[in-house]
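[1] sharing a model that was predicted from the sequence below.
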Amino acid sequence: MPASPIHETISNLRSDLSMCMGCDAPCCSLRPELTTYDVARIMELEGKTVLDFVDFVDAARDDALPIAASGRRVKMTLRKKDGVCMFFDRSSHLKCSINHSKPAVCLAYPYGFSKKLGSNVMCPPDNLSKAEADVRLDALRDSEWEHARYKEIVSDWNSGKGGAIADFMLFAAKEMDAEKSPIGSALRHARRGIIGIFRKRSC
């Protein structure tokens, strides 16, 4: 499965963090936007299908990565159960039952991809102090890597012919597969460069 270079290592580091101790994890009631890297990782490591845990919901105007599919603008989010993430585990001090395969946005929380605390962070003050004192920059770099690649995939898809959401998932799988080899990655980036030139000419 395609994955960022250090995700597995960082996930293992994060598995020992206890930042969520003493917190009811209100962030787990939000709808974090998934990338196709998140989906692929959860499918492989948790033995799930896309329809087991992904909801395709209408994207808001300010959502950064809306997927154009079948005349709609959608985003992928984790399915909820009783108002919280379906993977929320109240009995665990980590609160997450898929900590080793958790989405990049969850891995980076309470920081955004800019390595700054988010503006709507819901952590208790004591836990925020722990986060500020123990910033895992490797985890943030890891999340940034996947987020940047996913932005490219969505941008390329949206500038093409489009199709159904199932077509998008197949397209994304091929794009992620290209990252597995240096040659495939180089070809993919060369193709993106050519696409960029034509986009500039058409503006």
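    On my side now, so go ahead.

[2] which other residues reach the longest strand seen in the chain?
    Secondary structure assigned by DSSP state E gives strand 72-78 as the longest strand of the chain. By C-beta atoms under 8 Å, 6 or more residues apart in numbering, the list of residues contacting strand 72-78 from outside reads 31-36, 38-39, 53-59, 63, 65-67, 85-87, 103, 165. To be clear about C-beta, it is placed using only N, CA and C from the backbone, and glycine gets the same treatment.

[3] narrow the residues you listed to those in helices?
    With helices taken from DSSP state H, the overlap with these comprises 36, 38-39, 53, 165.

[4] about what we covered before: if any of the contacts of strand 72-78 are buried, put those into a PyMOL selection.
    Buried members of the contacts of strand 72-78, defined by 16 or more other C-beta atoms under 10 Å, are picked up in PyMOL with:
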select buried, resi 32+33+34+35+36+38+39+53+54+56+59+65+66+67+85+86+87+103+165
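
[5] returning to what we had before: nearest to E46 among the ones in helices among the contacts of strand 72-78?
    F53 (7.9 Å; C-beta to C-beta).

[6] looking at the residue nearest to that closest one when sequence neighbours are not counted now. What's its pLDDT?
    Nearest residue to F53 in three dimensions, chain neighbours excluded: R79, at 5.1 Å (C-beta to C-beta, 6 or more residues apart in numbering). As predicted, R79 sits at a pLDDT of 94.

[7] could you report the neighbour count for R79?
    When neighbours are counted by other C-beta atoms under 10 Å, R79 registers 13.

[8] got the contact list for it?
    R79 sits next to 52-55, 85-86 when contact means C-beta under 8 Å, 6+ apart.

[9] hey, C-alpha coordinates of the longest strand of the chain in CSV?
    In CSV, the C-alpha atoms belonging to strand 72-78 read as follows (Å, rounded to 0.1, in the frame of the first residue of the first chain):
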residue,chain,number,x,y,z
ARG,A,72,-21.5,17.1,-6.8
ARG,A,73,-18.6,18.4,-4.7
VAL,A,74,-17.9,15.9,-2.0
LYS,A,75,-15.4,15.1,0.7
MET,A,76,-14.6,11.9,2.5
THR,A,77,-15.1,11.7,6.2
LEU,A,78,-15.0,9.0,8.9
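
[10] for that strand, which residues meet the burial criterion?
    Across strand 72-78, burial judged by 16+ other C-beta under 10 Å covers 74-78.

[11] helices of this protein, start to end?
    For the chain, the helices defined by DSSP H occupy 7-14, 36-46, 50-53, 104-108, 125-133, 137-158, 165-178, 182-202.

[12] who are the packing partners of the longest one?
    This means helix 137-158. Where contact means 3 or more C-beta pairs under 8 Å, 6 or more residues apart in numbering; DSSP states H and E, helix 137-158 is packed against helix 7-14, helix 36-46, strand 67-69, helix 104-108, helix 165-178, helix 182-202.

[13] good, we can wrap up now.
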